[in-house]
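> Sequence and predicted structure below; questions after.
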Amino acid sequence: MMKIAAALCLAALTGCGGPTATQQESSLKEALKDKFHIGAALNTDYIWERDPKADALIKDQFDAIVAENCMKSMYLQPREGEFFWDDADRFVEFGEAGGMWITGHCLVWHSQAPAWFFVDGDGNDVSREVLIERMRAHIHAVVGRYKGRIKGWDVVNEAILEDGSWRQSKFFTIIGKDFVNLAFRLAHEADPDAELYYNDYNEWHPGNIRARWRPSSMWCKTSRPRVYASTPWECRATSEWTILRSTSTAPRSTHTPGPG
């Protein structure tokens, strides 16, 4: 299976006056089709096709998409049990219409999570059991809704700090580091055929390259089913006419654990 190699933020790209698809001998997706997917991170303006120039660029150049914000938990489930699906549904429909590889971003993240997720009615931290149940309900609802349509999920986002230590998020302080394994298991339950990813940034920092493989390797070592695991890498680069936000995945590997 081809690997998603890049997600380009189009906010600057669409206004830069760069070459169009008709001026090029081949598009990015055609030039790279035998090597990897090349994708775009879409905000709601792009998802709802409010920017014709961006819309044409996305469809001409890219064969994979990831949502910028609309699939994060604060937008999908702003109140417990109340889901807002309009933008996420449109995002998936956009990708399907273009025959694109669709990645869901993201299921578990300390940022852009609704405040209710971690507290009870009195504003105190919930118990480990309650938070696990809220994770289960959210992940099963979201992944289950798009089962077979979204091909890969950023299951856990930014759980490791740049020094290689665990981020002291509510997921970590309430559940413990096992929240990573739980999140991957719950996502796999909801869609056994989906690829599952751990997502992070700044992997070049000393000491954290191996540390940031820890979350996905934890799942591979403790799970029975055969799954995919990869760690997307983000960087920022500036050219004379645009700013690109690229996300590249390390080689994905399948892992079938043995007994024990």
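Received the coordinates, thanks. Residues are numbered from 1 along each chain as shown.
> going forward, measure contacts between C-alpha atoms and count neighbours the same way
Noted.
> right, and residue 202 touches residue 163 too?
No - the pair residue 202 and residue 163 does not pass the contact test of CA atoms under 8 Å, sitting 10.3 Å apart.
> how close does the closest residue to residue 98 other than its chain neighbours sit to residue 65?
Excluding the flanking residues, the one nearest residue 98 by CA to CA, 6 or more residues apart in numbering is residue 59, at 6.9 Å. Remark: distance between residue 59 and residue 65 (CA to CA, to the nearest Å) = 10 Å.
> Who has more neighbours out of those two?
Per other CA atoms under 10 Å, whichever of residue 59 and residue 65 has more neighbours is residue 65, with 26 against 19.
> Go ahead and produce CSV holding the CA coordinates of the helix or strand containing the more buried one.
Assigned by DSSP states H and E, residue 65 belongs to strand 64-67. C-alpha atoms of strand 64-67 as CSV (Å, rounded to 0.1, in the frame of the first residue of the first chain):
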residue,chain,number,x,y,z
ALA,A,64,-5.1,12.4,-0.3
ILE,A,65,-6.8,14.7,2.3
VAL,A,66,-6.8,15.2,6.0
ALA,A,67,-9.1,17.5,8.0
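> Just the element for residue 57, please.
Using DSSP H and E, residue 57 sits within helix 52-61.
> which other helices and strands contact that helix?
helix 28-31 (3 or more CA pairs under 8 Å, 6 or more residues apart in numbering; DSSP states H and E).
> Identify each buried residue in stretch 141-154, please.
141, 142, 143, 144, 146, 147, 149, 150, 151, 152, 153, 154 (16 or more other CA atoms under 10 Å).
> Can I get these in TSV including distance to residue 186, pLDDT and secondary structure?
Output for those, formatted as TSV (distance: CA to CA, whole Å; pLDDT from 0 to 100; DSSP: H, G, I helix; E, B strand; the rest coil):
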residue	distance to residue 186	pLDDT	secondary structure
141	11	98	helix
142	11	98	helix
143	9	98	helix
144	10	98	helix
146	14	98	coil
147	13	98	coil
149	17	98	coil
150	16	97	coil
151	16	94	coil
152	14	94	strand
153	12	94	strand
154	13	93	strand
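> of those residues, closest to residue 99?
residue 149 (10.8 Å; CA to CA).
> was I right about the closest one contacting residue 92?
Yes - when contacts are counted by CA under 8 Å, residue 149 is listed as touching residue 92 (7.5 Å).
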